[in-house]
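Student: Got a predicted model here, sequence first, then my questions.
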Amino acid sequence: MTRSEAASLEALFDAPDTERVEARGAWCPVPLTRLQAAVANVAPGAVLALVADDPVVEIDVSAWCIGTGHAYLGTLRADGYLVAMVRRRTGA
Amino acid sequence: MKRPSPRALGLLSGGLDSTLAAHLVASQGVEVLGLHFSTGFCLADRHRLIGNANNPGRPYRNDALHAGARLEIPIEIVDIREDYLEQVVLRPRHGYGTGMNPCIDCRIYMLGRAREILLERDFDFVFTGEVLGQRPLSQRRVPMQQIAEESGLHGLLLRPLSARLMPPTIPEQRGWIDRDRLEAMSGRNRTPQIELAERLGIVDYPQPSGGCCTLPDEHFSRKLRDLLAHDGNRPDEDQLMLLKIGRHFRLSPGAKLIVGRNAGESDLLTRFAEGRSRLEVEDHQGATTLLDGAPSAADLELACRIAARYSQARDAERVRVRWESGDGRGSLSVSPSLTDEALERLRI
């Protein structure tokens, strides 16, 4: 991820409409099941940010998005946690 | 309005068999949703928490999500951990296998949950990667039929890898699936699956086969029985995860000791230190050691000796071991001298 891509992602994370899904302290399967539940409750096109400290979140969310058709936007690394960003697909 | 294509739910572990089954169904134009049940007894959970020893910095993948990505089918993770312990592991109506594995009840439970999703969300049938004769308990002809009946799915359950050896199911009878494009595999020989995977271009699948469930493992089952006997029938998530990590020693009815076997386990054990005593050998390298329960003074001393025994101070005459818990901290000077036989007697 380039510096400008990371900056765009950080701006998206800070955007008021971004739905934050908190999963720090939880490990598989909880971060992903929380993200699944949250995706089902937002409008198509909405952005979600899964905040977790389980390192498998990045690889899990990117793989999950390929299968589900949601857009995986990337993962931000902060001090001791990750933020995996997803945009809900617009189709059915 | 009529749906353009039939819709199926597939039980997807991410192993080769369920991946092949999903491919056989999805390639016939069926819309597939893969269900991945998280039971809490998968060994991969431990690997994923420790990390990928062969590829440091690269996390250990979830095979079901990886298979879904490869096949471009959505995967839904279904967290059944709480119900699974209560309703399946502790109360199997069809008994256990070699360990505490209630394989028949497990299949009935998961397929019953799949049936609920089928009814709620308007799916047409369910499929699995089961192969006739592959496993001694749940994959013989009679239990497979019994599982279909007791799960409530009856003819709506398709096993694509062995379908042509079994009576036609409703999806085949109604033409949702072409039976001739399904397989006739049976037995424990994996060659037909490996050959089919090659023909389909599926090369990146987990090895070895046989699933990642810890319950058939005799050693794991012994630790689970010990936990249930001493800590009641409602162990929490952390207690269950700890069963997959380290050497376990039963010091007394009220105290259990867990010693990390390598750096990865030691790192992982530190995450579970809250609510337990953590022991550390002074001035010598050693494994992370956790003392669980309500230890007596004698338990604490024995725990310190075992911690010292598994440190680089094992040959010393005396060594000081520090302990720390939420209630306080302290240290003891102990002898690491413990015979293998003495340790084995305490080993769970």
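Tutor: Alright, I've got the coordinates.
Student: other SSEs contacting the helix or strand of chain A with the lowest mean pLDDT?
Tutor: None of the helices or strands of chain A scores lower by mean pLDDT, DSSP states H and E than helix A:3-14, at a mean of 91. Counting contacts by 3 or more CB pairs under 8 Å, 6 or more residues apart in numbering or on different chains; DSSP states H and E, helix A:3-14 is packed against strand A:47-52, strand A:71-78, strand A:81-87. (C-beta placed from N, C-alpha, C; glycine too.)
Student: Mind listing residues that contact the helix or strand that comes right after that helix?
Tutor: Using DSSP states H and E, the next helix or strand after helix A:3-14 towards the C-terminus is strand A:19-23. With contact meaning CB atoms under 8 Å, 6 or more residues apart in numbering or on different chains, strand A:19-23 is reached by A:30-31, A:34-35, A:38, A:42, A:46-52, A:54, A:57.
Student: any idea which of those residues is closest to B:P136?
Tutor: Within the set of the contacts of strand A:19-23, A:V30 lies nearest B:P136; the separation is 33.5 Å, counting by CB to CB.
Student: surely that closest one meets B:R81?
Tutor: No. Here A:V30 does not reach B:R81: they are 9.6 Å apart, not a contact under CB atoms under 8 Å.
Student: Tell me both backbone torsions, phi and psi, for B:D327.
Tutor: Per-residue torsions, B:D327: phi -80, psi -20 (degrees, to the nearest 10).
Student: That one: how many residues sit nearby?
Tutor: Counted by other CB atoms under 10 Å in any protein chain shown, the residues lying close to B:D327 total 6.
Student: go on, B:P136?
Tutor: Neighbourhood size, B:P136 [other CB under 10 Å]: 12.
Student: Give me the buried positions along the helix or strand bottoming out on mean pLDDT in chain B.
Tutor: Every helix and strand in chain B was compared by mean pLDDT, DSSP H and E; the lowest is helix B:43-50, with a mean of 82. Judged by neighbour count using 16 or more other CB atoms under 10 Å in any protein chain shown, the buried positions of helix B:43-50 are B:44-50.
Student: From those, pick the one nearest B:S266.
Tutor: Nearest to B:S266 out of the buried residues of helix B:43-50 is B:I50 (CB to CB; 10.0 Å).
Student: What strand or helix carries the residue lying closest to the closest one once chain neighbours are set aside?
Tutor: Among residues not flanking B:I50 along the chain, B:G264 sits closest, at 4.0 Å (CB to CB, 6 or more residues apart in numbering or on different chains). For B:G264, the host element (DSSP H and E) is helix B:263-270.
Student: and after that helix, which helix or strand comes next?
Tutor: Moving toward the C-terminus from helix B:263-270, the next helix or strand (DSSP H and E) is strand B:277-281.
Student: Show me the contact partners of that next one.
Tutor: Applying CB under 8 Å, 6+ apart, the contact partners of strand B:277-281 are B:270, B:286, B:288-291, B:295, B:300, B:303-304, B:307-308, B:311-313, B:319-325.
Student: Tell me which of these fall in strands.
Tutor: By the criterion of DSSP state E, membership of those in strands covers B:289-291, B:319-325.
Student: Mind putting these into CSV with neighbour count?
Tutor: Shown next, in CSV, are the ones in strands among the contacts of strand B:277-281 (neighbours: other CB atoms under 10 Å in any protein chain shown):
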residue, neighbour count
B:T289, 29
B:L290, 24
B:L291, 24
B:V319, 25
B:R320, 17
B:V321, 27
B:R322, 15
B:W323, 20
B:E324, 15
B:S325, 17
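Student: Cool, thanks, signing off.
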